[in-house]
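In: Build me a structure from this.
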Amino acid sequence: MITKNVITNHSYKGVGFTQGVAITLTIAIAAKYIAMLPFFNVMGQLVVAILLGIAYKAMAGIPEQAASGIAFSSKRLLRFGIILLGLRLHLFDIAAAGPKVIAIAAINIAFTIFVVYGLSKWLKIDKKLGILTACGTAICGAAAVVAIAPQLKASDNETAISAATVAILGTIFTLVYTILYPILQLSDAGYGIFAGATLHEIAHVIAAAAPGGSEAVDLAVIVKMSRVAMLVPVAIIIGFWNNRQTSKTTKTSFKNLSIPWFIVGFLVMSAVKTAGILPEALTEQLIVAAYMLIAMAMAGLGLGVDLVMFRKWGKKTFVAGLIGSILLSGLGLLLVHSFHLV
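Out: Model prediction:
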């Protein structure tokens with residue numbers, strides 16, 4: 001069986017490598033079909049993939065030789081997946097949503113990052129774990145966690161715990177939102193904006209907005225994409241801040257900042273989508289491929305989870321994320337009313 005250290009092996013070659021990639025691919029495919037079932041469709045493919053990875057390791061274990069392939073999926077394939085995911089983001093749609101919607105997204109992100117990180121410090125959670133959970137809750141769930149992790153040089157365990165926590169919280173809040181929909185007394189448009197501005201994963205947003213009909217879903221996705229677009233500046237800011245915190249000197253600059261080039265690729269793909277360069281059918285297929293690659297990465301993270309560490313830090317991280325998510329939902333509802341978008 002592999003250990004926490006073995007899974008970080010980066011020798012991407014050989015039969016073991018192929019075996020590791022095959023395991024993550026199998027889990028990702030299984031997650032895709034499981035996510036089509038009732039209840040699981042609320043969770044989405046990415047959430048199911050990370051949970052299946054954790055379960056697979058706990059029940060069957062993982063051959064040591066497969067570690068390099070699993071590492072490849074959780075790190076390299078992840079970056080390709082995030083780049084292709086940019087094809088979901090149409091920059092004109094965000095601009096057309098109006099300044100109020102963009103303002104809500106920006107306010108919610110800033111508020112949630114500071115609140116969840118503050119709660120994490122109060123609960124004495126590791127700094128990197130706290131920041132990752134805060135960003136996942138604020139921006140776009142597990143995808144934000146794994147995108148920002150390299151900026152913090154976070155470990156596989158820290159990344160996996162944060163991603164799993166945010167994924168589970170998002171699923172719970174999605175179910176709660178569908179129950180609250182008739183109680184909130186928002187218009188379909190207002191409810192869609194509320195869901196898009198406060199929920200975690202894109203899958204969560206779509207599932208929660210569904211009771212409001214197509215108008216609610218369309219607006220929810222646009223608002224959600226506004227938050228996703230802010231992943232790039234947030235990642236760069238966090239990388240710059242972390243570089244200052246860890247540097248032995250008091251000075252730092254963009255020159256020695258680790259730029260997340262795969263996120264730049266995400267923006268390039270967004271520009272490609274906006275310009276309409278690729279046929280719509282091809283774009284849809286590439287987005288499906290993006291989710292499959294990210295699901296393989298989520299499976300890889302799940303396969304690397306140390307359950308002892310998860311039990312130790314997962315509870316506190318869940319509490320910080322839960323309180324932050326409740327406050328985010330409250331703020332989002334308040335802003336929808338304050339900006340007269342009900």
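In: Show me what the strand or helix carrying H204 is packed against.
Out: For H204, the element it lies in under DSSP states H and E is helix 202-209. Helices and strands in packing contact with helix 202-209 are listed as helix 40-60, helix 156-184, helix 188-198, helix 213-229; criterion 3 or more CB pairs under 8 Å, 6 or more residues apart in numbering; DSSP states H and E. No exception for glycine: its C-beta is placed from N, CA and C like everyone else's.
In: Single out the most deeply packed of the ones you listed.
Out: Of all the helices and strands packed on helix 202-209, helix 188-198 carries the top mean neighbour count, a mean of 27, counting by mean count of other CB atoms under 10 Å.
In: just the angle between that one and helix 156-184, please?
Out: Angle between the axes of helix 188-198 and helix 156-184 is 160 degrees (criterion: axes from the mean of the first three to the mean of the last three CA atoms, to 10 degrees).
In: Name the residues that touch helix 188-198?
Out: 101, 104-105, 108, 173, 177, 181, 184, 186, 205, 208-209, 211-213, 215-224, 226-227, 325, 328-329, 331-333, 335-336, 341-342 (CB atoms under 8 Å, 6 or more residues apart in numbering).
In: Mind doing that once more with 6 Å?
Out: Where contact means CB atoms under 6 Å, 6 or more residues apart in numbering, the residues beyond helix 188-198 that reach it are 104-105, 108, 205, 208-209, 212-213, 215-216, 219-220, 223-224, 328-329, 332-333, 336, 341-342.
In: if we can go back for a sec, which one of the helices and strands packed on helix 202-209 lies closest to I82?
Out: Of all those, it is helix 213-229 that lies closest to I82, at 10.2 Å by CB to CB.
In: what helices or strands is the closest one leaning on?
Out: Under the contact criterion of 3 or more CB pairs under 6 Å, 6 or more residues apart in numbering; DSSP states H and E, helix 213-229 touches helix 91-97, helix 99-122, helix 188-198, helix 202-209.
In: Render the CA-only coordinates of it in PDB, please.
Out: Below are the C-alpha coordinates for helix 213-229, written out as PDB (Å, rounded to 0.1, in the frame of the first residue of the first chain):
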ATOM      1  CA  GLY A 213     -37.100  27.400 -14.200                       C
ATOM      2  CA  SER A 214     -34.900  28.300 -17.200                       C
ATOM      3  CA  GLU A 215     -34.600  32.000 -16.300                       C
ATOM      4  CA  ALA A 216     -33.400  31.200 -12.800                       C
ATOM      5  CA  VAL A 217     -30.800  28.600 -14.100                       C
ATOM      6  CA  ASP A 218     -29.500  31.000 -16.800                       C
ATOM      7  CA  LEU A 219     -29.000  33.900 -14.400                       C
ATOM      8  CA  ALA A 220     -27.600  31.600 -11.800                       C
ATOM      9  CA  VAL A 221     -24.900  30.300 -14.200                       C
ATOM     10  CA  ILE A 222     -24.000  33.800 -15.300                       C
ATOM     11  CA  VAL A 223     -23.600  35.000 -11.700                       C
ATOM     12  CA  LYS A 224     -21.600  31.900 -10.900                       C
ATOM     13  CA  MET A 225     -19.400  32.500 -13.900                       C
ATOM     14  CA  SER A 226     -18.700  36.000 -12.600                       C
ATOM     15  CA  ARG A 227     -17.400  34.500  -9.400                       C
ATOM     16  CA  VAL A 228     -15.300  31.900 -11.400                       C
ATOM     17  CA  ALA A 229     -13.800  34.800 -13.400                       C
END
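In: Buried residues in stretch 335-342, which are they?
Out: By neighbour count, with 16 or more other CB atoms under 10 Å as the criterion, the buried positions of stretch 335-342 are 335-336, 339, 341-342.
In: Pull the contacting residues for I102.
Out: Counting by CB under 6 Å, 6+ apart, the residues that I102 touches are S226.
In: Show me the shaky parts of this protein.
Out: Within the chain, the segments meeting pLDDT under 70 span 1-13, 42, 246-260, 263.
In: M292: which of the helices and strands packed on helix 202-209 is closest?
Out: With CB to CB as the criterion, M292 lies closest to helix 40-60 of those, at 8.1 Å.
In: any idea how far the closest one is from the chain center?
Out: For helix 40-60, the distance from its own C-alpha centre to the chain's C-alpha centre is 15 Å (CA atoms, centre = their mean, to the nearest Å).
In: same question, stretch 64-71
Out: The mean C-alpha position of stretch 64-71 is separated from the chain mean by 23 Å, CA atoms, centre = their mean.
In: Format the CA atom coordinates belonging to it as CSV.
Out: What follows is stretch 64-71, C-alpha atoms only, in CSV (Å, rounded to 0.1, in the frame of the first residue of the first chain):
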residue,chain,number,x,y,z
GLU,A,64,2.5,1.4,-4.6
GLN,A,65,3.5,1.4,-8.3
ALA,A,66,0.3,3.2,-9.2
ALA,A,67,1.3,6.3,-7.2
SER,A,68,2.9,8.2,-10.1
GLY,A,69,-0.2,7.8,-12.3
ILE,A,70,-2.4,9.0,-9.5
ALA,A,71,-0.1,12.0,-8.9
